[in-house]
Structures are given as C-alpha cells and as structure tokens.
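Q: I'd like to go over a predicted model; first the sequence, then the structure.
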Amino acid sequence: MGFLPLDNFLCWKLKIATLAVCIYTCLVATVAALLEILDVVALNADMNFEISGGFESYWRAHAWEGWLACNLVMFFSHLVMIAFSVLLIVAIKIFPTYYEFNITKWYLGFFICYILVELGTGLYKYSYYGNNTFRLGYLVFTFIYWIARTIINIVGVIIIASRISEVDYEIKYGEKKDLSSWASRGNLLDATRSGAVTPR
C-alpha cells in the first residue's frame with residue numbers, strides 16, 4: 001500500500017498522534033472495562049441487578065461460563081492496554097529514542113492482539129444476541145461503541161506502525177525524514193531537527 005508509512009496524521013506529527021492514540025486507548029478502554037464489570041454483575045442472578053435495555057440475565061444463564069470467560073478476558077485485556085498505554089506515554093516523553101522504539105514495537109504487537117481478542121469476544125456476544133442487538137437500547141449502544149472503537153483502533157495501528165518506521169529511520173541515519181514541501185510550508189516539521197536531511 002503506497003500511502004504507508006504515513007509521514008503525519010492529519011495536522012499532527014506522528015509523535016503527537018501516537019500520544020493521542022495512547023490517551024484515547026486509556027479513556028475508551030476504561031469505559032469498556034466498566035461495561036464488562038456491569039455485564040458480570042448482571043450475569044449473577046443472585047444480585048437481582050438488570051441493565052436497563054440490556055439482555056435479561058436468565059436468557060443467557062445456561063451459557064454463563066462462556067459469558068464470564070469473555071468478560072474476564074476482555075476486562076484484563078483492557079487493563080493491560082491501559083497500563084501499556086501509560087508506559088508508552090512515559091517512554092515518548094522521557095525515555096531515550098532506542099527504548100521508546102522497542103516499547104512502541106511491543107505496544108503495536110499487544111495492540112493488534114487486543115483488537116483480535118476483542119473481535120473474537122465481540123463476535124461471540126453479538127452472534128448470541130442476534131436480532132436482539134438492534135431492539136434493545138443498551139445493546140445498540142455497546143454494539144456501536146465496539147464497532148467504532150475497532151475502526152479507530154485499526155487507524156491507531158497504522159499510526160503506530162508509521163511512528164515505528166519513522167523512529168527506525170532516525171536511529172539508522174541519525175536524522176529525521178525530509179517530508180514533502182507542502183508539509184514544510186505548513187510548518188509540520190520538527191524545528192529541533194538535527195543533522196543534514198536525507199530525502200526519502
């Protein structure tokens with residue numbers, strides 16, 4: 001694909017875009033983890049708690065093991081991504097370039113696994129809900145939230161992969177890439193660039 005890796009994302013440098021991806025991940029994963037907790041509480045019939053507009057707990061009581069497994073896997077996956085996102089934010093702001101580079105590569109691997117795991121659990125849940133997904137308000141919200149996050153997460157993967165390519169170039173050649181002339185005129189280049197610039 002000829003447009004990859006990106007030189008920047010919209011009006012942001014890749015470094016700033018990567019920070020934005022990490023902050024976004026922390027926020028939406030926190031909300032998603034809370035939704036998993038709600039789902040576990042609603043699954044326990046003894047607590048007499050039902051989510052308004054959600055799937056009644058007794059409708060899925062016979063398959064509670066599968067639901068609980070999905071909830072636990074996704075809850076801990078969200079926690080791992082939140083922790084890793086915080087680590088990458090610190091790495092970008094504080095750590096030397098080489099350590100940032102390696103942490104970002106690990107982050108990309110975890111991020112891709114996170115998307116795939118969530119895709120699997122999401123397909124399990126919404127295939128079980130079936131047509132009820134689109135007639136119960138809470139399920140409509142969680143379904144749209146899942147789809148929207150998955151799309152944005154894929155964009156985040158592209159941004160992070162491009163950032164890895166950018167940092168790899170800097171480590172190899174000791175300089176930043178010379179972006180296109182329109183980017184230079186738009187003042188998108190880092191004013192602190194050191195060394196001579198080698199065209200791409």
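A: That came in fine, so what should we check first?
Q: Could you identify the helix or strand that succeeds the helix or strand where residue 111 lies?
A: Under the criterion of DSSP states H and E, residue 111 resides in helix 97-129. Next helix or strand after helix 97-129 toward the C-terminus (DSSP H and E): helix 137-173.
Q: now residue 22: how far from residue 146?
A: The spacing between residue 22 and residue 146, counted by C-beta to C-beta, to the nearest Å, is 20 Å. (C-beta placed from N, C-alpha, C; glycine too.)
Q: if you count what's nearby, which of those two comes out ahead?
A: Here residue 22 and residue 146 are compared on neighbour count by other C-beta atoms under 10 Å; more neighbours surround residue 22, at 25 against 18.
Q: among the helices and strands of this protein, which one scores worst on average pLDDT?
A: Every helix and strand of the chain was ranked by mean pLDDT, DSSP states H and E. The lowest is helix 181-185, at a mean of 44.
Q: OK, contacts around the residue nearest in space to the middle of the chain?
A: Centroid-nearest residue in the chain: residue 153, 4.2 Å away (criterion: C-alpha atoms, centre = their mean). Contacts for residue 153 were tallied using C-beta atoms under 8 Å, 6 or more residues apart in numbering; they are 25, 111, 114, 115.
Q: Of those residues, which is the nearest to residue 161?
A: Within those, distances to residue 161 taken as C-beta to C-beta reach their minimum at residue 111, with 9.6 Å.
Q: so where is the protein shaky, pLDDT-wise?
A: Applying pLDDT under 70 to the chain flags residues 1-6, 44-50, 52-64, 132-133, 175-200.
Q: could you redo the last one with a cut-off of 90?
A: 1-15, 36-71, 95-100, 122-143, 165-200 (pLDDT under 90).
Q: what helix or strand is residue 34 on?
A: helix 14-43.
Q: Give me the buried positions along the helix or strand following that helix.
A: Per DSSP H and E, the first helix or strand lying C-terminal to helix 14-43 is helix 64-93. By neighbour count with 16 or more other C-beta atoms under 10 Å, helix 64-93 contains the buried residues 67, 70-71, 74-75, 77-78, 81-82, 84-85, 88-89, 91-92.
Q: ok and helix 64-93 relative to helix 14-43, angle-wise?
A: 160 degrees (axes from the mean of the first three to the mean of the last three C-alpha atoms, to 10 degrees).
Q: Tell me which other helices or strands helix 64-93 touches.
A: In this structure, helix 64-93 packs against helix 14-43, helix 97-129, with contacts taken as 3 or more C-beta pairs under 8 Å, 6 or more residues apart in numbering; DSSP states H and E.
Q: ok so, going back, tell me the angle the helix holding residue 111 makes with helix 137-173.
A: Compare the direction of helix 97-129 with that of helix 137-173 by the same axes, to 10 degrees and you get 160 degrees.
Q: Centre of the chain to helix 97-129, how far?
A: Counting by C-alpha atoms, centre = their mean, to the nearest Å, helix 97-129 is centred 7 Å from the centre of its parent chain.
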